[in-house]
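Student: return a 3D structure for these sequence lines:
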Amino acid sequence: MTVEPDYSLAAIRATETLINYNITAAPVSPIPIIKSMRNVLLLPFAEMALQIGTDRDNVINSFGESQDAVTSVHFASGGLRYVVAYNQRLPVYLIQRALARELGHIVLHHDGSRPDAVRYEEAITFARHLICPRPLIKAMLDSGIRLTIETLGNITGCYERCLAGLRKTPGVSVPAEMNRKVREQFADYIADFVRFQPILSREDTSAVADFGTYMDGYEE
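Tutor: Okay, here's the model as predicted:
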């Protein structure tokens with residue numbers, strides 16, 4: 001039996017996380033969320049290397065291709081425990097993207113029981129909806145902001161490599177009431193951003209990003 005990623009669940013969990021942690025401004029940082037979780041230990045690669053008595057390069061190489069961040073899961077009497085290690089030397093936006101993905105693994109209670117590819121797709125979908133939530137995009141469009149990769153990057157703290165995936169994620173359905181709450185949380189930030197938008201637009205020569213597919217199915 002083929003196991004498929006649950007994209008809608010990942011999107012809903014991301015929105016719930018924004019609401020539960022009362023996140024009211026962009027860019028969204030996963031670091032404070034992870035640090036607040038009692039069942040999670042967050043360590044830079046260098047600190048992990050010190051704790052296990054090796055050097056940083058050995059730690060990074062042991063993770064193979066996952067050299068931005070990685071999560072290990074452990075089973076304890078109180079439930080699942082996670083250790084999240086990340087590359088502190090990367091640019092901030094790459095750290096944010098990587099840790100948002102790892103946070104997705106935690107919030108979705110990934111325990112290794114399903115295929116790696118399925119868990120990865122769900123975690124990446126969670127990350128995109130956490131960093132760049134659909135209600136925020138809708139609020140930006142309604143405010144008249146010219147939606148480009150650069151302006152979206154400014155408001156979310158991400159760049160094209162992170163944002164391009166938003167247009168490829170299969171359609172998800174986030175409850176309308178949840179979208180309304182998140183949109184309200186971001187309203188003040190949007191109002192502030194609009195005032196700076198004319199200044200940013202004068203320097204922005206990029207083509208307008210096509211977010212039509214991403215916005216299909218938005219519920220409100």
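
Student: where exactly do the helices run in this structure?
Tutor: 7-20, 30-36, 45-52, 56-62, 92-107, 116-131, 134-143, 149-156, 160-163, 176-202, 212-215 (DSSP state H).

Student: among the ones you listed, which gets the worst mean confidence?
Tutor: Per-stretch mean pLDDT for those is lowest at helix 212-215 (a mean of 40).

Student: contact partners for the residue nearest to the spatial centre of the chain?
Tutor: Centroid-nearest residue in the chain, with Cα atoms, centre = their mean: residue 127, separated by 2.4 Å. With contact set as Cβ atoms under 8 Å, 6 or more residues apart in numbering, residue 127 has these partners: 14, 97, 100-101, 103-104. The way it works is simple: take the backbone N, C-alpha and C, and place the C-beta from them, glycine included.

Student: likewise residue 183?
Tutor: 135-136, 138-139, 220.

Student: dump these to TSV, plus distance to residue 110.
Tutor: Listed next are those as TSV, based on distance: Cβ to Cβ, whole Å:
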residue	distance to residue 110
135	25
136	25
138	29
139	30
220	30
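
Student: ok, residue 67 - how many residues close by?
Tutor: 16 (other Cβ atoms under 10 Å).

Student: wait, it touches residue 85, no?
Tutor: No: Residue 67 is not in contact with residue 85 according to Cβ atoms under 8 Å; the separation is 10.3 Å.
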